[in-house]
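*Asks:* Need a 3D model of the sequence below.
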Amino acid sequence: MSNTNLPSDSIETLLDRLTIDEKLRLIRGGVDPDARATGYVPGIDRLEIPALALVDGPMGVRAGTATGFPASIALAASWDPDLARELGRALGIEAREKGQDVVLAPGMNLLRAPQCGRAFEYYSEDPTLTSRLAVGTIEGIQSAGAIATAKHFVANSQEERRFQVDHRIDERPLRELYLRAFEASVREADAGMVMAAYNGVNGDPMTANERLLTDVLREEWGFEGVVVSDWWAVTDGPRAITAGLDLEMPGVPVNEWHLAESNSITRLIDAIPDHDRVPRQRLARLLMTPWLPDHANPNLFDAGHFDGPLREALDAGRLDERVIDRSVQRLLETMDRFGVLDGDRPDPEAGDHDALARRIARRGTVLLENDEVLPLDDPDSIVMIGPNVDRAKVGGGGSSAVEAGATTDPVRGVRDRVGAGTRVHVERGHEPFETATMGASPFEGLEFGSEDSDGRIDDAVAAAGDADVAVVVVQDNATEGEDRPLWLPGEQDQLVSRVATAAEQCVVVVRSAGPIAMPWATSVDAILAQWYPGQADGRALADVLFGDHDPGGRLPATFGRRPDDYPATDPAAYPGIDDVVSHEEGLSIGYRYFEAEDVQPLYPFGHGESYAEFAYGAVSVDGGTVEVSIENTSERAGREVVQVYLDPVEPSVERPPRELAGFAAIELAAGESRTVEVDLPERAGAVYDPAAGAWAWPDTDFEAVVGRSVTDERGRTAVSLGE
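*Replies:* Numbering: from 1, shown residues only. Here you go, the predicted model:
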């Protein structure tokens, strides 16, 4: 439906014609009659205001069958904002094709605690890398005429008690780390929506955090779009809308939400008689709460806080109708900006999204270790080992799970690549894992594979001893709703260790949500970090294993040697005490902590090997641009990611010893040489001064350090900043 009143009638005119009932309908979700949207705002037929459909989408559009793209952390490992832009555009196109208006992506929370169950949905532990990828993704989504959503604002860095925890963060780390990608998403990419997180920050829940939603997001950064709640995150409607929240989602209890329709328990709730004295939802809460899993949202039975509670506050004079008008106007203006109101929207041409998924997967694959084993040179026999070696790892569980149409598993990918003369044998070595999931409803628990190897490891070891090379594919099983251990589940660590002892050559492929412990790292010949590679899993893996493409990835997060190597290990810091999470590490998260505390990581931030070799020339600075010549000194093409870090010289204020300032990827043919330019951002070297409420450059000299990772330095030079 297109609004024939626009553009002759203004948004203000529409607002004047809306009744209070209609206004309240526009700022809270309802039931999607097509049962496809993740969230749905019913339209107002009387005024020809169309409905608005919101769909999950970090790794693919969750409305029927869609392209299963690699996890966001795999995209981040590409260090390629242009690739992020391509992915974003593909997400926007597929959302539009499925009648969806808003893509609930990208997620840009920092990997403060690597145990985070949604690590695979996020980008990095570093705000510079995260910002560049977030901006690219948002620009891509919105270039296709869909509305992008920057989420989860802010500090949703753990799943453990995410609905209750309050993160206590000092102003400098809040500004210099956690808010930076959101600021870039607003100021640079002009995101249409921002999603308020479940958690609290400094004493206020994010859905009612006036300082961050209004003072910072709107008044300081100039955000003019819609602030939407995470699903069932609102607990106080009048307080939330006054603080700056515009749209409550989903606006209906879980048993009315379309994703729960097929669940027997929610059908049982619907069968409960509804009575004024004992409403159905209250009785459902009493009956079902004892059976909810630990990770379930405590607000699932709420009918919403932007209906009855707002009406009551209006009637009692505790809420001015102009506050509601403000949110309605923001929604209508955003719909108008993207052509939803009048139907005047771009009609982008779809590309080959399967090929894009494959390209992202192989470019995000990180070669962590290689003892002259890879690329494979057509061995006579290969044994493929792993509990899920014959299943594509499309993604993790929760709101980003995608129903991919066509997938390729590692076994099929390798068999399709090798010639007839190579025998490919398969041994699981471990019982398969069912993909972790929050289920069709929150009442369904998680299922993991059995830890009983049942002799499978012995079979895998025997097969490894008979083959030229053993490729062991291991994985974790992360999901939204609960955090994950850093150890591989089941007996996979034992499987790798024993196969490595028996195999002539052992290659380990790790499909994980983020950093994991690798007690066997020094015992194997090669390690590939593939993350969650999406529907092209096996084809992308074969591309890299056999050297058809260079492993293009670099680590977007530090891999520690053991779980207690990371900064947030004290219970007060993670998962928190009495639902208070103390960010006592301040600015020292990720590689900043490893550098400051001189902790030797297993694999540092930015690390990744190539099948080619590169020589770095002298480093120079021209204005705000760092320049270095790079030569491919090998006999094959390769991809290099040039990273520029800033080292303060005798800093006058507390700051990390090294921070990523910029980066650039380059592909070089054999023997080719080229000068790489890395532009430093305008605020490079600045710190946030809480007293002044502004960014400043303390009296500090800097050196620009060029390297292949945060620890692999290839050159440095003095640089002037803030002049």
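
*Asks:* Quick check: phi and psi on the closest residue to residue 237 other than its chain neighbours?
*Replies:* Spatial nearest neighbour of residue 237, chain neighbours left out: residue 305 (3.3 Å); criterion: CB to CB, 6 or more residues apart in numbering. The C-beta positions use only the backbone N, C-alpha and C, and glycine is treated the same way. Dihedral angles of residue 305 (phi, psi; degrees, to the nearest 10) stand at phi -110, psi 0.

*Asks:* and if you look at residue 541?
*Replies:* Taking degrees, to the nearest 10, you get phi -60, psi -40 for the backbone angles of residue 541.

*Asks:* which outside residues touch stretch 207-219?
*Replies:* 153-154, 179, 182, 186, 194, 196-197, 200-202, 204, 206, 223-224, 227, 229-230, 233-236, 239-240, 242-245 (CB atoms under 8 Å, 6 or more residues apart in numbering).

*Asks:* Now for the residue nearest to residue 237: which residues touch it?
*Replies:* Contact analysis of residue 305 by CB under 8 Å, 6+ apart lists 234-237, 240, 248.

*Asks:* Residue 152 versus that one, what's the distance?
*Replies:* Distance, residue 305 to residue 152, using CB to CB, to the nearest Å: 18 Å.

*Asks:* go on, residue 255?
*Replies:* For residue 255, the distance to residue 152 - CB to CB - is 25 Å.

*Asks:* quick one: which of those two has more around it?
*Replies:* Neighbours per residue (other CB atoms under 10 Å) separate residue 255 from residue 152, with residue 152 holding more: 26 against 23.

*Asks:* coming back round to it: give me the buried entries from the contacts of stretch 207-219.
*Replies:* The neighbour-count test (16 or more other CB atoms under 10 Å) marks 153-154, 179, 182, 186, 194, 196-197, 200-202, 204, 206, 223, 227, 229-230, 233-235, 239-240, 242-245 as buried among those.

*Asks:* burial count for the closest residue to residue 66 other than its chain neighbours?
*Replies:* The shortest distance from residue 66 to any non-neighbouring residue, by CB to CB, 6+ apart, is to residue 60 (4.6 Å). Counted by other CB under 10 Å, the residues lying close to residue 60 total 30.

*Asks:* Break this protein down into its structural domains.
*Replies:* Using automatic domain parsing, the domain parsing of the chain gives 27-253+319-337, 254-303, 353-582, 612-719.

*Asks:* The stretch 51-200 of the chain: helices as residue ranges?
*Replies:* Assigned by DSSP state H, counting those that start in this stretch, the helices in the stretch 51-200 of the chain fall at 72-77, 81-97, 127-143, 171-173, 180-187.

*Asks:* I'd like the average pLDDT over the first one.
*Replies:* Helix 72-77 shows an average pLDDT of 98 in the prediction.

*Asks:* Other residues contacting it?
*Replies:* Contacts of helix 72-77 (CB under 8 Å, 6+ apart): 58-59, 69, 83-84, 87, 106-107, 119-124, 129-130, 133, 137, 360-361, 363-366, 513-514, 529-534, 553-557, 608.

*Asks:* send the alpha carbons of it over as PDB?
*Replies:* C-alpha atoms of helix 72-77 as PDB (Å, rounded to 0.1, in the frame of the first residue of the first chain):
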ATOM      1  CA  SER A  72      30.000 -11.600  11.400                       C
ATOM      2  CA  ILE A  73      33.300 -12.500  13.100                       C
ATOM      3  CA  ALA A  74      34.300 -14.200   9.900                       C
ATOM      4  CA  LEU A  75      33.500 -11.000   8.000                       C
ATOM      5  CA  ALA A  76      35.600  -9.100  10.500                       C
ATOM      6  CA  ALA A  77      38.500 -11.500   9.900                       C
END
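
*Asks:* Return the distance of residue 624 relative to residue 685.
*Replies:* Taking CB to CB, one finds residue 624 at 11 Å from residue 685.

*Asks:* May I ask you to name the longest strand in this structure?
*Replies:* Secondary structure of the chain per DSSP state E: the longest strand is strand 638-649.

*Asks:* That one: what's the following helix or strand?
*Replies:* Downstream of strand 638-649, the first helix or strand assigned by DSSP states H and E is strand 659-668.

*Asks:* Send me that next one as PDB with only the CA atoms.
*Replies:* What follows is strand 659-668, C-alpha atoms only, in PDB (Å, rounded to 0.1, in the frame of the first residue of the first chain):
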ATOM      1  CA  GLU A 659      46.100   0.900  19.700                       C
ATOM      2  CA  LEU A 660      44.900   0.100  16.200                       C
ATOM      3  CA  ALA A 661      44.600   3.300  14.200                       C
ATOM      4  CA  GLY A 662      44.000   2.100  10.600                       C
ATOM      5  CA  PHE A 663      44.500  -0.700   8.100                       C
ATOM      6  CA  ALA A 664      44.500  -1.600   4.400                       C
ATOM      7  CA  ALA A 665      44.300  -4.900   2.600                       C
ATOM      8  CA  ILE A 666      46.200  -5.400  -0.600                       C
ATOM      9  CA  GLU A 667      46.500  -8.300  -3.100                       C
ATOM     10  CA  LEU A 668      49.800  -8.700  -4.900                       C
END
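
*Asks:* Mind listing residues that contact the helix or strand just after it?
*Replies:* The helix or strand immediately downstream of strand 659-668 is strand 673-679, counting by DSSP H and E. For strand 673-679, contacts defined as CB under 8 Å, 6+ apart pick out 624-632, 642, 644, 661-664, 666, 668, 706.

*Asks:* at 10 Å what do you get?
*Replies:* Applying CB atoms under 10 Å, 6 or more residues apart in numbering, the contact partners of strand 673-679 are 614-617, 620, 622-633, 640-644, 661-668, 704, 706.
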